[in-house]
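> The sequence isn't on hand, but the structure is:
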C-alpha cells in the first residue's frame, strides 16, 4: 500500500500533496508502468484522508496521462514514463552581469545615454494615464501591424516639418527599436544579398546583420562619408548609412555624395539605401541636414529612426519609412505581424507629439546638450592645453572625438583614465577587424554628464594623461 | 540675377525661403553646376532682404554641399547635383485597411482578443505612474539585454508557483511578443536546421519561421498531439509544440507522448523542443497541466509564453525560458542587444505581479471566461439542437471547436453567418496546404463577447444555418 506523509496544515492542498507524491513515484520508477494503484477507498482509509482527496489526485494524474482509469478495475500506471536524463550535466549559469557596468566609474562618457533630468516624466505619466482610460479597446486588441495610426500620423508630420521628408502615415512602420527594425528590413529585402556597412560604424549593426543571416561587407569612408566608388565596386545591393551625422566620426555627407549614392541605387533594380538618422535632432549650428530620403525619387531609400536619442533609450520605439513597393510587400507578407510596441506607449507618444511636448522636449534638450558640448570642448582646451591633441568640433550629435598626440596609445589612454575613475571609449571599437583603426582616438559622449561633471572629468583626464 | 518671391509674413523664416528656392533651382538644374551666385550684398539688395538672410541661406547651402565658398571669389554651385528620377513611377500605396476588420460584424468570435472590462486599468496606470517617478534612471538607460531583473524575478516565481517550472531569473529572456521571441530562438538555434511545426497549428508561426529564413516541416497530429513517430521520421532537429492545450484543436498532450518527445530530443545532440504555453492560465476543470519544461532534465526545452492572453494582446510582453547552454550562447552573441520591451512596461508589470495584481487578474478572468465558455456551450446546445453537430468540450483555453454535420461546408457556414452579422472562423485556416482540413469545422473564440452576446450570436447562427 502506498504510504505518503501528507501535511494537513500545509498551504498546499492535501490532494495536491498526494498527486505530487504519486507522480514522483511514477517518474522515478518506484511505481512501475502497468502496476495497479490501490482503490480510492483503500488509499483514503490508509492515509486517513477523504476519498474526495484521493479522487482529485487520481483524476489529475489521469488528466495528465500518468494513470489510466479502467472502469470497475481501477487505476493503472502508464507504461514508459521514465524521464530522460541529461547526457551531460548542464553547465550552471553564471548570474547576469549588472546592467550599469559604469558603477565603477565616477564619470562615464558613454554615448548611449541621455540626460535624466530633462525627460518630462510627469507629462508622460499624465498622458499615459489618460491614454489608459480613453483607449481601453485599442490597448487590449492586438496592435496594428504597422503601428498605431495616431502615432504614424504624428511621425509623418514631424518628418515633414523637421526633416523635410514628405510621406504619408501609410509609409511608416513602427517597431521596438533599431535591432528589430533592421531585422524587419532584412526580412523585406532578403538574406540573399550583400549589405554594405560603414567602417568605422555602429558595431552592433554588424552583429545584427550577421545574426539575421545576412552577408555584410564593411566599406571604407573618406572625408565625405562612405566611399561611393567602393560601394559601386562591391557586390552589395543594399547599403546602411548615417549620412546626416556619421556614427562615430561625425561626418556630414555632402549633397554630391548623397546623390552619387542615390544614383548607384537607381542604376539597377532592387538596390536600396538604408538611412539611419539616429541623432539628426541634435544639430547645434545650422538647420538639420535634410534627410537623404528627401532626395529620393526612385523609391530606393529606407529611412530608419528611433526615439532613443530624442527621448530615451529605455523607450523602445523606432520606425521605418518604407517606399511604396516595400510597404506593399510588408503588408502582403507580414500582415499577420503585430506591432512590437505596446499600444499604450504608442498612443502616449502620439499624444506627447500632438500636444507639442516632443517639440518642446527636443529644443530643451538641444540647448542642454549644446551647453554640455561647449563645456566639454572648453574643459578639454583648458585642461589638455599642455598635451598635443585634436578635438573634432562636430556641430552635431551627443559625442565628440578626441585624438591624443601625447605618445600614448588608445589602450593606455583608456586604462589611465579608468585609474582616475573616468570611463572613455576607444574609436577602435567601432572598426570591423582587420581594418587598422587610427591610433589614440577616443569617443567621448557628453549627454549623460552635467557641465560641471564634464569639467571635472576633463581635469582628471589631464592628470591621467600627463 | 536670381529673382525669388519671398513671403515676409510667412511663418517660414526668410532665410529658409531663400535657401529652399536656391536649392530647388540647383536640384532642377536651373542653376547649373559651377555657376557663380550673386554676392550676398547684391542679392540682399536685389531681393530687399538683409544680408544676414542671404548669409544664412548661403551658409546652409554650403553646409549641405550644394554650394562651395571660394574666398574672395564668391559662391559656386556644386557640379552634378541633378536628382536621379524613378525608372518607373512608384505605384501609389493603398491606405492601410482599418485595424478592426470586425466592424462589419455585430458579433465577432475571434480568438485573438481578451475581455475589455476586466483589465485593471486604474491599477496599471497607478503602478506605471509610480514606476515613472521611482525608476527614472532605469527608464532612460538602454534596457538590459535579457529584460529587467525585477520582472524576470517575478516571472520565475510565477513559473514555479503556477507552472511547476523551477528556473532562476537568469534563465529568462524578455521580449516584445512571440514573433520577436521566435526570431530570437531562430537566431540562437540557427537557420541551418529544419523546424517541425504542428499541422494544424498557429498559421502565423509558419509565416514567422519562413520570414526568418528557417526551413519548416509541418507534422500531423493524432489524439495525443504531435505524432512522435512523424517527428522521429522527419529531418527536423527542433520542434514547436503547444502541449498544454493545442492550438486550435485543444488537445492536451499526455505524459507518455511528452516523454516520447523529450526522449527524441535527448537522443541526439543539439535537438530542441520549443514549448509554447500560450493559454495555460485558462484551465477550468483540473489544475493547469504542468509544462513540458518541468520534465526536461537534458536542457532541451525552450519555454515560450506571453502576457497576450493573460493580460492583453496590446501589451507586447513575452518571455523565453532558455536552458543554460542557450542562455550562455545568447549572452555571448547578443550581449549588445537591448530588450525590445520598454522599461516602464517591464517594471510596471513586475510591480503588478509582485503586488498580487496579476494573480488576482488571472483568477478573475478565469472565472469570467469559464462562464462565457459555459454560456456558449449552453447556447449552442439550445440553438443548434435541431442541427446535427459536435462541440469540442475542451476544458481549457478561450475558444472551442464546432463541427457541423448539417450538410454545409465550412465556406458556406462562414458566409451564411456573415450574412446575419456573426463572424466565425474556419478550422481550415489553421492547416498548412496541401493537407486537407476536416470539412465544416469552426473555431469559436468566446473571450471577447459577453454571455448575453454569445447567446444572441448562437441564435443568429441557428437562423443562418437552418
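It's in. Quantities reported herein were computed from a predicted structural model and do not represent experimental measurements.

> just the strands in the stretch 1-150 of chain A please.
Chain-ordered strands for the stretch 1-150 of chain A, with DSSP state E, counting those that start in this stretch as the definition, fall at A:67-70, A:74-77, A:107-108.

> Please render these as CSV that adds distance to residue A:465, mean pLDDT and mean neighbour count to the earlier fields.
(C-beta placed from N, C-alpha, C; glycine too.) Listed next are those as CSV, based on distance: least, CB to CB, whole Å; pLDDT from 0 to 100; neighbours: other CB atoms under 10 Å in any protein chain shown:
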stretch, distance to residue A:465, mean pLDDT, mean neighbour count
strand A:67-70, 75, 85, 16
strand A:74-77, 74, 87, 19
strand A:107-108, 14, 93, 20
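
> Reformat these as a markdown table; add distance to residue B:113.
A markdown table is the format used below for the strands of the stretch 1-150 of chain A (distance: least, CB to CB, whole Å):
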| stretch | distance to residue B:113 |
| --- | --- |
| strand A:67-70 | 37 |
| strand A:74-77 | 40 |
| strand A:107-108 | 45 |
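
> So which of those is nearest residue A:33?
Distance to residue A:33, taken as CB to CB, is lowest for strand A:74-77 among the strands of the stretch 1-150 of chain A, at 5.5 Å.

> which residues touch the closest one?
Applying CB atoms under 8 Å, 6 or more residues apart in numbering or on different chains, the set of residues contacting strand A:74-77 from outside is A:26, A:31-37, A:39, A:58, A:61-62, A:66-70.

> so how far is that strand off the chain centroid?
53 Å (CA atoms, centre = their mean, to the nearest Å).

> ChimeraX command for the buried members of the contacts of strand A:74-77?
Of the contacts of strand A:74-77, the buried ones can be selected in ChimeraX as follows, counting by 16 or more other CB atoms under 10 Å in any protein chain shown:
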select /A:26,31,37,58,61,62,66,67,68
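
> Which of the contacts of strand A:74-77 fall in helices?
A:26, A:58, A:61-62 (DSSP state H).

> Quick one: neighbours of the residue of the stretch 251-400 of chain A found nearest chain B, just the number.
Using CB to the nearest CB, the closest approach of the stretch 251-400 of chain A to chain B is made by residue A:254 at 2.6 Å. Counted with other CB atoms under 10 Å in any protein chain shown, the burial measure for residue A:254 works out to 22 neighbours.

> buried sites along stretch A:449-466?
Buried residues in stretch A:449-466, defined by neighbour count with 16+ other CB under 10 Å: A:449, A:451, A:453-458, A:460-462, A:464-465.

> Out of those, which sit inside helices?
Taking DSSP H as the definition of helices, these contribute A:451, A:453-458, A:460-462, A:464-465.

> before we move on, back to that, farthest pair in the buried residues of stretch A:449-466?
A:451 and A:465 (21.2 Å).

> thinking again about what came up before, which of the ones in helices among the contacts of strand A:74-77 has the weakest pLDDT?
Confidence by pLDDT is poorest for residue A:26 among the ones in helices among the contacts of strand A:74-77, given 81.

> Format the ones in helices among the contacts of strand A:74-77 as JSON lines; extra columns: distance to residue B:226.
Formatted as JSON lines, the ones in helices among the contacts of strand A:74-77 follow (distance: CB to CB, whole Å):
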{"residue": "A:26", "distance to residue B:226": "22"}
{"residue": "A:58", "distance to residue B:226": "27"}
{"residue": "A:61", "distance to residue B:226": "22"}
{"residue": "A:62", "distance to residue B:226": "21"}
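
> Phi first, then psi, for residue A:332.
The phi and psi values for residue A:332, taken as degrees, to the nearest 10, are phi -70, psi -50.

> what about it, neighbour count?
Residue neighbour count, defined by other CB under 10 Å, stands at 8 for residue A:332.

> ok, residue A:405 touching residue A:391?
No. With the criterion set as CB atoms under 8 Å, residue A:405 and residue A:391 do not qualify as a contacting pair; they are 11.6 Å apart.

> Please say which of the two ends up with more neighbours.
For residue A:405 and residue A:391, the more surrounded residue by other CB under 10 Å is residue A:391, and the numbers stand at 15 against 11.

> any idea which helix or strand comes after the longest helix seen in chain A?
Across chain A, the longest stretch assigned as helix under DSSP H is helix A:357-383. Next helix or strand after helix A:357-383 toward the C-terminus (DSSP states H and E): strand A:389-391.

> what comes into contact with that next one?
For strand A:389-391, contacts defined as CB under 8 Å, 6+ apart pick out A:377, A:380-381, A:400-406.

> Provide the strand pairings for that strand, with the direction of each partner.
Within its sheet, strand A:389-391 is paired with strand A:399-404 (antiparallel), according to DSSP bridges.

> what's the angle between the strand it pairs with and helix A:357-383?
Following axes from the mean of the first three to the mean of the last three CA atoms, to 10 degrees, one obtains 10 degrees for the angle between strand A:399-404 and helix A:357-383.

> which parts of the next helix or strand after strand A:399-404 are buried?
Of the helices and strands lying after strand A:399-404 in sequence (DSSP H and E), the nearest is helix A:410-419. Along helix A:410-419, these residues count as buried under the neighbour rule (16+ other CB under 10 Å): A:410, A:413-414, A:416-417.

> which of those lies closest to chain B?
For chain B, the nearest member of the buried residues of helix A:410-419 is residue A:414. The distance, counting by CB to the nearest CB, is 18.8 Å.

> Could you tell me which residues make contact with that closest one?
So, once contact is read as CB under 8 Å, 6+ apart, residue A:414 ends up touching A:424-426, A:442.

> What ranges does the stretch 151-300 of chain A have for its strands?
Under the criterion DSSP E, counting those that start in this stretch, strands of the stretch 151-300 of chain A are mapped to A:172-175, A:194-198, A:215-219, A:221-222, A:225-226, A:238-241, A:272-276.

> Which strands border the first one, and is each parallel or antiparallel?
Put plainly, it is strand A:172-175. Each strand paired with strand A:172-175, and its direction, by DSSP bridges: strand A:318-321 (antiparallel).

> distance of the nearest residue to residue A:425 once chain neighbours are set aside from chain B?
Taking CB to CB, 6 or more residues apart in numbering or on different chains, and ignoring the residues beside it in sequence, residue A:425 has residue A:443 as its nearest neighbour in space, at 4.7 Å. Residue A:443 sits 16 Å away from chain B, going by CB to the nearest CB, to the nearest Å.

> what secondary structure does residue A:443 sit in?
For residue A:443, the reduced secondary structure class is strand; criterion used: DSSP: H, G, I helix; E, B strand; the rest coil.

> just checking, it touches residue A:399?
Yes. Counting by CB under 8 Å, residue A:443 does reach residue A:399; the two are 5.6 Å apart.

> which neighbours do these two share?
When contacts are counted by CB under 8 Å, 6+ apart, residue A:443 and residue A:399 are jointly contacted by A:111, A:248.

> what comes into contact with stretch A:118-125?
Where contact means CB under 8 Å, 6+ apart, the residues beyond stretch A:118-125 that reach it are A:311-312, A:348, A:352, A:357, A:361, A:364-365, A:368, B:128-129, B:132-133, B:136, B:139-140.
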